[in-house]
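S.K.: Below is the sequence, then the predicted model.
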Amino acid sequence: MTQARVPRRALHGVLLLDKPLGWSSNDALQKVKGLLRAEKGGHTGTLDPLATGLLPLCFGAATKFAQASLDADKRYEATLHLGCRTTTGDRESEVVEERPVDFGRERIDEMLASLRGPQRQRPPMHSALKVQGRALYEYARAGIEVEREPRDVTLHAIDRLAWQPPMLTIDVRCSKGTYVRTLAEDIGAALGCGAHLAALRRTGSGALDVADAITIDALQALSDGARTARLLPPDVLVGGWPAVSLEPDDAGRFLCGLRRRTGLADAATVRVYGSGAFLGSAHITAGELIPDRLLSPTEVEALAA
């Protein structure tokens, strides 16, 4: 007997998930999407199965603003195994070299301080970055080395949290696109002993914090209504942008995609409201408020309900 299909519904908002170890980002998305019975959903940047922590999931209208979370700075808690290099730079592969670890906190702190700021980082072969339509890890598994151009990243802060030789735990605040696995190997090289990434937890994305996230088990234990109540409004993804409020007439025209005159200074990104309701995103150029991503009138009504 065929099991009846669970009907899906239009939901609009952001769920902050604390992704469990061993799950892919898509596995987590599909599980939560099923628990919420949501029609449309997406995640805001891949976390490897090895990593745990903050994974913002977007549903309905919120998917329009997922890029803002993708572009946001990130924060991680990473545990490095010093004195031990592996083939993939993490704990899930063969050890290729082991060296003694014979230094203390002062040398570690000096080295970490030297890494702060802008730098060029080459993406690792064992990553989800795509080249000619294939993820780099697919080439790596086939034994094929692919040329990777270094990318500009910034380490805003990197601090020691714990040091129990040979395990070093650090707090990293960085720009998007930073590979902590590569950072772990760079730290090992700088210290002269080698290292690999033993554990990784994303603790922040922009203004979003893992302290406000929920686990899959906790979400599953909630009632249907309580699960829906965990959704945050879509504008939480753009909460750091300047806010612009429009009068009702201008708000209606803005939702139709029309530019509006404004006395506000130029801005690359702003969030726009009308009568307290979030309408979408825009930019300001030469005295004009120019729409970028807009909610539909139906979505605005649904969020106001």
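M.R.: Thanks, I have the structure now.
S.K.: Kindly state the domain boundaries assigned to the chain.
M.R.: For the chain, automatic domain parsing gives the domain ranges 13-71+208-234, 74-205, 241-304.
S.K.: what about Pro124, neighbour count?
M.R.: The burial metric for Pro124, expressed as a neighbour count using other CB atoms under 10 Å, is 18. Heads up, the C-betas are built off the backbone N, CA and C, glycines and all.
S.K.: same question, Asp27
M.R.: When neighbours are counted by other CB under 10 Å, Asp27 comes out with 14.
S.K.: distance of it from Lys19?
M.R.: Plainly put, Asp27 is 9 Å away from Lys19 if you go by CB to CB, to the nearest Å.
S.K.: cool, Met111 as well?
M.R.: Distance from Met111 to Lys19, counting by CB to CB: 30 Å.
S.K.: For the spatially most central residue of the chain, what are phi and psi?
M.R.: Per CA atoms, centre = their mean, the C-alpha nearest to the average position across the chain is that of Gly45, at 4.7 Å. According to degrees, to the nearest 10, the main-chain angles of Gly45 amount to phi 110, psi 130.
S.K.: what's the nearest residue to it if we skip its chain neighbours?
M.R.: Leu70 (5.1 Å; CB to CB, 6 or more residues apart in numbering).
S.K.: same check, this time on Leu231
M.R.: Once its chain neighbours are removed from consideration, Leu231 has its nearest residue in Gly13; the separation is 3.1 Å (CB to CB, 6+ apart).
S.K.: Pairing partners for that neighbour in the sheet, please.
M.R.: Phe59 (DSSP bridges).
S.K.: Could you check the pLDDT of it?
M.R.: In this prediction, Gly13 carries a pLDDT score of 96.
S.K.: all helices for the chain, in order.
M.R.: If DSSP state H is used as the criterion, the helices of the chain fall at 25-36, 66-71, 105-115, 136-141, 180-191, 216-220, 224-229, 248-255, 297-304.
S.K.: Would you tell me which one of those is buried the most?
M.R.: Per-residue neighbour counts averaged over each of those give the maximum for helix 180-191, namely a mean of 21 (mean count of other CB atoms under 10 Å).
S.K.: what residues does that one touch?
M.R.: Counting by CB atoms under 8 Å, 6 or more residues apart in numbering, helix 180-191 makes contact with 76, 78, 80, 82-83, 85, 88-90, 103, 107-108, 111-112, 114-115, 121-124, 126-127, 155, 168, 170, 172, 174, 194-197, 200, all of which sit outside it.
S.K.: Just the buried residues from those residues, in ChimeraX please.
M.R.: Entered in ChimeraX, the line below selects the buried ones among the contacts of helix 180-191, by 16 or more other CB atoms under 10 Å:
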select :76,78,80,82,83,85,88,89,90,108,111,112,121,123,124,126,127,155,168,170,172,174,194,195,196,197,200
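S.K.: mind listing which of the contacts of helix 180-191 are in strands?
M.R.: When strands are assigned by DSSP state E, the members of the contacts of helix 180-191 inside them are 76, 78, 80, 82, 85, 121, 155, 168, 170, 172, 174, 195-197, 200.
S.K.: Could you identify the least confident member of those residues?
M.R.: Per-residue pLDDT puts Gln121 lowest of these, at 91.
S.K.: how about stretch 98-105: buried residues?
M.R.: Within stretch 98-105, judged by 16+ other CB under 10 Å, the buried ones are Arg99, Val101.
S.K.: Output that stretch as CSV - backbone C-alpha positions only.
M.R.: C-alpha atoms of stretch 98-105 as CSV (Å, rounded to 0.1, in the frame of the first residue of the first chain):
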residue,chain,number,x,y,z
GLU,A,98,54.3,12.9,12.0
ARG,A,99,56.6,15.3,13.8
PRO,A,100,57.3,16.2,17.4
VAL,A,101,55.5,19.2,18.9
ASP,A,102,57.9,21.0,21.2
PHE,A,103,56.8,24.6,21.6
GLY,A,104,54.4,26.4,23.9
ARG,A,105,51.6,29.0,24.0
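S.K.: chain center to that stretch, what's the gap?
M.R.: Using CA atoms, centre = their mean, to the nearest Å, we find the averaged C-alpha position of stretch 98-105 to lie 33 Å away from the chain's own average C-alpha position.
S.K.: Surely Gly34 and Arg8 touch.
M.R.: No. Shown here, Gly34 and Arg8 do not form a contact pair, counting by CB atoms under 8 Å, at 9.2 Å.
S.K.: any idea how far Ala286 is from Arg293?
M.R.: Looking at Ala286 against Arg293, where the rule is CB to CB, the gap reads 20 Å.
S.K.: More neighbours: which of these two?
M.R.: Neighbours per residue, other CB under 10 Å: of Ala286 and Arg293, the larger number sits with Arg293, 18 against 6.
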